[in-house]
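*Asks:* Need a 3D model of the sequence below.
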Amino acid sequence: MKTSAKILIVEDENIVAMDIRKMLLESGYEITSIVNSGEEAIQVVREQKPDLILMDIVLKGKMTGIDASRIITQYFDVPIIYLTALSSDDSLLEAKSRESYGFLFKPFGASELNIAIEMAFINRGIEEGDSINQS
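*Replies:* Presented below is the predicted three-dimensional model:
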């Protein structure tokens, strides 16, 4: 049950972003953009309206991924999965206290990424009261 969902990658490490892009494309997802700052992420969400965001917590620029997510979720109904390399990061604790659709701890593989994305879409459907049909 794969869809061509549009996914925004927000990741400040170019090599990691390219690995994520490759995994997503191989799984049949469409990439709207790859950006490395919260400010860029907000702009891309406004312009391209992705179906899901993969958001690193630590980004380039003044904003963290948490800051960008806070602004994005005020105006757009889009699931966000947080990415982080540090499981003890204080920012992660803040992210856990906010509504999120999941977390991925780097490094991760394609199967973990796909499961997190599928769960985010399922949870979003349940929250919106949609029936989940499996084919």
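
*Asks:* which parts of the biggest helix by length in the chain are buried?
*Replies:* Looking across the chain with DSSP state H, the single longest helix is helix 110-127. Neighbour-count burial for helix 110-127, counted by 16 or more other Cβ atoms under 10 Å, picks out 113-114, 116-118, 120-121, 124. No exception for glycine: its C-beta is placed from N, CA and C like everyone else's.

*Asks:* and if you look at stretch 55-74?
*Replies:* So stretch 55-74, judged by 16+ other Cβ under 10 Å, has buried residues 55-59, 63-69, 72-73.

*Asks:* Next up, phi/psi of Asn55, please.
*Replies:* One thing to correct before we go on: residue 55 is Met, not Asn. phi -120, psi 110 (degrees, to the nearest 10).

*Asks:* Okay, and the beta partners of it?
*Replies:* With DSSP bridges applied, Met55 shows beta-bridge pairing to Val10, Tyr82.

*Asks:* could you point out which element follows the helix or strand bottoming out on mean pLDDT in the chain?
*Replies:* Least confident helix or strand of the chain, by mean pLDDT, DSSP states H and E, is helix 90-97 with a mean of 61. Sequence-wise, the next helix or strand downstream of helix 90-97 (DSSP states H and E) is strand 103-105.

*Asks:* who does that following strand touch, helix- and strand-wise?
*Replies:* With contacts taken as 3 or more Cβ pairs under 8 Å, 6 or more residues apart in numbering; DSSP states H and E, strand 103-105 sits against strand 80-84, helix 90-97, helix 110-127.

*Asks:* can you tell me the average pLDDT over that strand?
*Replies:* For strand 103-105, the mean per-residue pLDDT is 89.

*Asks:* And for stretch 76-87?
*Replies:* Computed over stretch 76-87, the average pLDDT equals 88.
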